[in-house]
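In: No letters, just coordinates:
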């Protein structure tokens, strides 16, 4: 659908939209579509005048008294005016044309800074820059005042942000749904080499980019119990009593690039049904007076509360149900406001107007919630509601690890959501009946695919619920999708042939090239025109320029400037001064054993030992960044080891500029926008068969970094696009990993047979990097020698050999630059626009 505009909610224009869904009357709703009103919007002022107006009338400051934050506010309000104008037109266009809408449910959205992205997408960045300059302000410094919205942690949230950007850019009517976390996962600082988790109060100064929607509130029930009634229509169930939480909507605009469309990201905040108990307050029990409000608001307080405790697990499940229930109620309210349902058959229209994408397993409770809404609230028959549900949902899986697929104890689930457990039992009963019909007598198959796991203390398998309740299940890279069919969901692939498919992940070139790397963007635009900004397939045109000496020289100059910018930022944050001419070797991602930051550390120590022996090496700066989950002890130990190694290496006068090691603290989107353009080498070294896709590998390559990696995730497809000669591949393949484990992997054999490896591990174990506590890293050594689940020792020799090739190629800067250009030229496949086109054409069936 190529008409301007699409999803902010109709409520953004017509505040008379229904608010809280009433469960006892919702099935009787008879919606009448109001007459479409044409809104005459005021003419926007020129940017420089708008800046001054907002400084005075929105911030109550004169230019002499204004702080840098006041200037940021004025700039944001100015750009926001342009966004809102298009947002209203988009909402009205959707309301008038009534297209099929896509709803993207994700527990994370890492949107990054809004000001620069919105100005870029709207095409007013230069006007804003000139307007600020005319008033004596600098755009880059103004943008720096914005705090990253802490609505995610890792690749899942960054992917969701890319996808909503692409949906708006491609004029797809879409709404993202998530949680408005008051605090992010945490703000990371490094003290004495260790990760310290601090509250990430990203809303401290408010959020100019959000619009509170008090008219869009929904009651969310927890606990209580189910009662059954029988009448002439049969037996019905009613979920009663329990606790109620109010979900209130906050809308964030998502402007598309080069289009009038502005879609919506709707985030839910938890509010208490009863804010304040005056009786307790008057009795002097002040804590009790606000207890209910505090407990309620915990639901949207923090991203990913530590779930090592029972209460932590309960809060996580509450979070998931809270945002999914509010979102589905909102989706159905919007549908019913535009379509009158006089009889059950009228509901056949629902899948023609609604497509829901579950981004990973977290929102999979949506399958049961949709059944609850359709059957219990709106009075549809079970069979008909299940038919509709199966046509509405699609599920994206993001992991190959069975332990990463969420499960909940039946006891916890039944206590918190008693009606939904009954619904899941019935879904499971009918599903297993169907499986037994097609595969009679296969008891083991029934046990493996059951939504209820009876083998581990009775648990609800949420991924199984998502698979059973969705019409399509996709992996996020070609290898990942094949492995899903061969291993993780092999039984489901037999039961539902054709349900499993692939949509390789992608990244938005607007943020990760145009915005993050303006120097490279300008160079490419000068060479081939601006078409690649909207259509990344056009970037292929620079392939021939890899042979052009002048273009290579200009490309290298852009890279050097980006490295200098990154080096200045690192010195500011860590105090470590870097050699900008050294190879910037970067691994920035969530800290996890399967991502193998530890293998990178083994290489660092190997290089250090060579330098101590007087061997000549290519100067290298190794940059780490990423957060470890608060309860993940081993990941936090790896961070500490990185910092202890960095201290020894960086302080050794014999090393000098030959090797530096730094840990970039509090890795987030705004940091990534500096790190990716400044990288020479992209570390994508997970054990083959463990990484679903990865998107950092795509961002690095698009910004001119060469990849060193295993044949894992999207690395396989990057290899296919750039060619074997322009990437550094090492290590065991997925089949070789499986074979090695099946034959009884013995890591000590690698330790004993490789003197360089043995030296490195002994240094870690004997306290070389932790003199004051020699046994600090003995658990890491014991794990490597006795278990080594992710085969670091098996891949060590291949990794070191390949890193030596990297060093040799880097010596020939002209050749390195040629390879980097060819990486950039071949990244079109990894645009999120291509990913969204795949979803739209093959899964959602909406027009592109």
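Out: Nice, I can see it. Source: prediction; values computed, not measured. Numbering: from 1, shown residues only.
In: only C-alpha atoms for contact and neighbour calcs from this point on.
Out: OK.
In: what's the helix or strand containing residue 757 in contact with?
Out: Element membership for residue 757 (DSSP states H and E) is helix 755-765. For helix 755-765, the surrounding residues in contact (CA atoms under 8 Å, 6 or more residues apart in numbering) are 602, 605-606, 750-752, 769, 774-778, 780-781, 793, 796.
In: Which strand or helix spans the residue nearest to the spatial centre of the chain?
Out: By CA atoms, centre = their mean, the chain has its centre lying nearest to residue 157, at 1.6 Å. For residue 157, the host element (DSSP H and E) is helix 155-169.
In: do you know how far residue 682 is from residue 811?
Out: Residue 682 sits 17 Å away from residue 811, going by CA to CA, to the nearest Å.
In: re the thing from before, among the contacts of helix 755-765, the buried ones, what's the ChimeraX command?
Out: Here is the ChimeraX command that selects only those of the contacts of helix 755-765 that count as buried (16 or more other CA atoms under 10 Å):
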select :602,605,606,750,751,769,775,776,777,778,780,781,793,796
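In: out of the contacts of helix 755-765, which one sits closest to residue 324?
Out: Nearest to residue 324 out of the contacts of helix 755-765 is residue 780 (CA to CA; 39.5 Å).
In: Can you give me the pLDDT of the closest one?
Out: Predicted confidence (pLDDT) for residue 780: 98.
In: Then the one 3 residues further on?
Out: Confidence per residue is given as pLDDT, and for residue 783 that number is 98.
In: Is it correct that residue 246 falls within a strand?
Out: Yes - judged by DSSP: H, G, I helix; E, B strand; the rest coil, residue 246 forms part of a strand.
In: list the contacts for it?
Out: For residue 246, the contacting residues are 217-220, 270-273, by CA under 8 Å, 6+ apart.
In: Residue 55 too?
Out: Per CA under 8 Å, 6+ apart, neighbours of residue 55: 61-63, 66, 70-71, 73-74.
In: repeat that for 10 Å
Out: Residues near residue 55 by CA atoms under 10 Å, 6 or more residues apart in numbering: 49, 61-63, 66, 70-75, 77-78.
In: Buried subset of these, written for PyMOL?
Out: To isolate the buried ones among the contacts of residue 55 in PyMOL, judged by 16+ other CA under 10 Å, type:
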select buried, resi 61+66+70+71+72+73+74+75+77+78
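In: List just the nearest of the contacts of residue 55 to residue 358.
Out: Of all those, residue 77 has the smallest distance to residue 358: 33.0 Å, by CA to CA.
In: ok, and for the helix or strand where the closest one lies, which residues are buried?
Out: Under the criterion of DSSP H and E, residue 77 resides in helix 68-97. By 16+ other CA under 10 Å, the buried positions in helix 68-97 come out as 68-80, 82-95.
In: counting contacts, what elements does the helix or strand following that helix pack onto?
Out: Downstream of helix 68-97, the first helix or strand assigned by DSSP H and E is strand 101-105. Strand 101-105 is packed against helix 155-169, strand 174-179, strand 262-272, helix 310-338, helix 350-353, strand 354-359, strand 393-396, with contacts defined by 3 or more CA pairs under 10 Å, 6 or more residues apart in numbering; DSSP states H and E.
In: Weed out the non-buried ones from the contacts of residue 246.
Out: Buried by 16+ other CA under 10 Å: 217-220, 270-273, out of the contacts of residue 246.
In: Pipe the residues you listed into JSON lines and attach pLDDT and distance to residue 57 per row.
Out: Shown next, in JSON lines, are the buried ones among the contacts of residue 246 (pLDDT from 0 to 100; distance: CA to CA, whole Å):
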{"residue": "217", "pLDDT": "97", "distance to residue 57": "30"}
{"residue": "218", "pLDDT": "98", "distance to residue 57": "34"}
{"residue": "219", "pLDDT": "97", "distance to residue 57": "37"}
{"residue": "220", "pLDDT": "97", "distance to residue 57": "39"}
{"residue": "270", "pLDDT": "95", "distance to residue 57": "31"}
{"residue": "271", "pLDDT": "92", "distance to residue 57": "31"}
{"residue": "272", "pLDDT": "89", "distance to residue 57": "33"}
{"residue": "273", "pLDDT": "80", "distance to residue 57": "35"}
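In: For the stretch 151-300 of the chain, which residues score under the pLDDT cut-off?
Out: By pLDDT under 70, the low-scoring segments of the stretch 151-300 of the chain are 233, 274-292.
In: any idea how far the most far-flung residue of the chain relative to its centre is from residue 725?
Out: In the chain, counting by CA atoms, centre = their mean, residue 232 sits farthest out from the average C-alpha position, at 49.0 Å. Residue 232 sits 73 Å away from residue 725 when distances are taken as CA to CA.
In: for residue 115, same thing?
Out: 40 Å.
In: ok so, going back, with respect to residue 824, which of the helices and strands packed on strand 101-105 lies nearest?
Out: helix 155-169 (18.4 Å).
In: Output the contacting helices and strands for that closest one.
Out: So helix 155-169, by 3+ CA pairs under 10 Å, 6+ apart, packs with strand 101-105, helix 114-122, strand 174-179, strand 243-255, strand 262-272, strand 354-359, helix 509, helix 832-839.
In: Using CSV, lay out the ones you listed together with distance to residue 715.
Out: Shown next, in CSV, are the helices and strands packed on helix 155-169 (distance: least, CA to CA, whole Å):
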stretch, distance to residue 715
strand 101-105, 26
helix 114-122, 28
strand 174-179, 28
strand 243-255, 30
strand 262-272, 30
strand 354-359, 21
helix 509, 18
helix 832-839, 16
